[in-house]
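1. How does the following fold in three dimensions:
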Amino acid sequence: MRVTLRSVAHTRSGDKGNTSNIAVIAYEPQFYPHIKRALTVPAMRAIYNEQAVRGDITRYEVDGLGVLNFVLDGALGGGVSRSLAIDNYGKALASAVLRLQLEVPDDLAPLLRGPQPTKEGSGCSKT
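-> Numbering: from 1, shown residues only. Modelled structure (predicted):
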């Protein structure tokens, strides 16, 4: 089934100077391999166009904790206090990644968090 990253993980972020750090943490260990497969550097690059992240994106895998950590260089327009792009700080960048869509096996449905689309695609139901 196709779900949003928000259903299987949460994020934490930080920013320092012109660099943002985003950790994506799986809610359950069963979700981590699917997150790891879907959330690649090219996928992150697609989420944050060249306007938002102008430098390198580096992914670190913390398999034992079910965490992917991304360092985004050139992400803050010179730093939060220098940037005119007020929304491009770590929390906004971390929130944006949660819209990513990924595939997870149907049998993991009971572990999903938050509202989910119904089978008919109309409305949402809480699982």
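
2. contacts and neighbour counts: CA atoms only from here.
-> Will do.

3. which residues does the residue sitting nearest the centre point of the chain contact?
-> In the chain, the residue lying closest to the centroid (CA atoms, centre = their mean) is residue 97, at 3.3 Å. When contacts are counted by CA atoms under 8 Å, 6 or more residues apart in numbering, residue 97 touches 5, 44, 47.

4. In TSV: the residues you listed, plus pLDDT, distance to residue 31 and neighbour count.
-> TSV is the format used below for these (pLDDT from 0 to 100; distance: CA to CA, whole Å; neighbours: other CA atoms under 10 Å):
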residue	pLDDT	distance to residue 31	neighbour count
5	96	10	25
44	92	18	20
47	88	20	17
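
5. which of these lies closest to residue 109?
-> Checking these against residue 109 with CA to CA, the nearest one is residue 5 at 13.2 Å.

6. what's near enough to touch the closest one?
-> By CA under 8 Å, 6+ apart, the residues touching residue 5 are 35, 97, 98, 99, 100, 101, 102.

7. do the same with residue 41
-> Residue 41 sits in contact with 57, 58, 59, where contact means CA under 8 Å, 6+ apart.

8. which among those residues end up buried?
-> Under a neighbour-count criterion of 16 or more other CA atoms under 10 Å, the subset of the contacts of residue 41 counted as buried comprises 57, 59.

9. Let's see which of the contacts of residue 41 end up in strands.
-> Residues from the contacts of residue 41 lying in strands, with DSSP state E as the criterion: 57, 58, 59.

10. residues contacting the nearest residue to the last one once chain neighbours are set aside?
-> Leaving out its chain neighbours, the residue that sits closest to residue 59 by CA to CA, 6 or more residues apart in numbering is residue 70, at 4.6 Å. In this structure, residue 70 makes contact with 21, 22, 23, 57, 58, 59, 60, judged by CA under 8 Å, 6+ apart.
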